[in-house]
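Asker: with the sequence up front, the predicted model follows.
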Amino acid sequence: MGYYSVEFDSLKMKEKLVFATHNKHKLEEIQNILKNYEVVGLRDIGCMEDIVEDADDLQGNAKIKADFVTNNYHINCFADDTGLEVEALDGAPGVYSARYAGEGCSYHDNVVKLLDALRGAPNRRARFRTVIALNLNGKQYFFEGIVNGKILEEEHGNGGFGYDPIFQPDGYEETFAEMPMEIKNKISHRGKAVQNLVKFLDSIR
Ligand code: IMP
């Protein structure tokens, strides 16, 4: 009996799951974690469009992206959206983190704008939050990942991207831009949201 079940498992087709992203690095990261699924990106299903993310919260944007793919390509899909939420700014830039300094701005423009907005502010508490929306066999699920920390007064480190040089996670002396990627991925907002997604997918297989 054991023989047959092993044989059957190894022949079982991997289920296809679209990750609604054009970002090659994010896709590779997820493919390395979700080994039981054939995870493909938007390009792989012929979707070259920029999906308009115009919701006013992270959950809304993640849902827009996942629904766009499922409704147009009739396939299971998940999508993520991330924001940096700064306590002294009532949660800004939040869902607008990518274009905080204006349409077409660079990561560095955003960092400069945030440092200016917090100049002299005693409360520098902030958190990154990621929401993942998953459309699986006609049902929708959401997963969240949060990392708490603070915004430093100047940039430290050259690694990572976005707000990494000014974000220092709680319990660490370095910013995200100063730590090895493996450590960041373990403790980060996106890392935690993905771990929650993986736990769920593993639990239903
Ligand atoms: P997205 O939803 O992953 O595209 O993230 C939106 C924006 O949040 C990005 O353009 C970055 O400015 C910022 N961001 C997201 N994740 C990170 C991160 O891990 N480190 C620093 N900034 C990030």
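Answerer: It's in.
Asker: pLDDT score assigned to residue 204?
Answerer: pLDDT, residue 204: 87.
Asker: same deal with residue 31?
Answerer: 88.
Asker: now it: which helix or strand?
Answerer: Using DSSP states H and E, residue 31 sits in helix 24-33.
Asker: now check that helix, is it near the ligand?
Answerer: No. Using Cβ under 6 Å from any ligand atom, helix 24-33 stays clear of the ligand, with a minimum separation of 7.3 Å. C-betas here are computed from N, CA, C, even on glycine.
Asker: does stretch 139-156 reach the ligand?
Answerer: No. Residues of stretch 139-156 are not located near the ligand by Cβ under 6 Å from any ligand atom, the shortest gap being 8.8 Å.
Asker: just the CA trace of that stretch, in PDB.
Answerer: Presented in PDB, the C-alpha positions along stretch 139-156 are these (Å, rounded to 0.1, in the frame of the first residue of the first chain):
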ATOM      1  CA  LYS A 139     -13.200  31.400  -2.400                       C
ATOM      2  CA  GLN A 140     -11.300  34.500  -1.300                       C
ATOM      3  CA  TYR A 141      -8.800  34.500   1.700                       C
ATOM      4  CA  PHE A 142      -6.700  37.300   3.200                       C
ATOM      5  CA  PHE A 143      -3.300  37.100   5.000                       C
ATOM      6  CA  GLU A 144      -1.400  39.800   6.800                       C
ATOM      7  CA  GLY A 145       2.200  40.300   7.900                       C
ATOM      8  CA  ILE A 146       3.400  43.200  10.200                       C
ATOM      9  CA  VAL A 147       6.800  44.300  11.300                       C
ATOM     10  CA  ASN A 148       7.100  47.100  13.900                       C
ATOM     11  CA  GLY A 149      10.000  49.400  14.200                       C
ATOM     12  CA  LYS A 150      11.100  53.100  14.000                       C
ATOM     13  CA  ILE A 151      12.100  55.600  11.400                       C
ATOM     14  CA  LEU A 152      15.700  56.800  11.900                       C
ATOM     15  CA  GLU A 153      16.800  60.400  11.400                       C
ATOM     16  CA  GLU A 154      19.100  59.600   8.500                       C
ATOM     17  CA  GLU A 155      19.800  56.800   6.000                       C
ATOM     18  CA  HIS A 156      21.900  53.800   7.000                       C
END
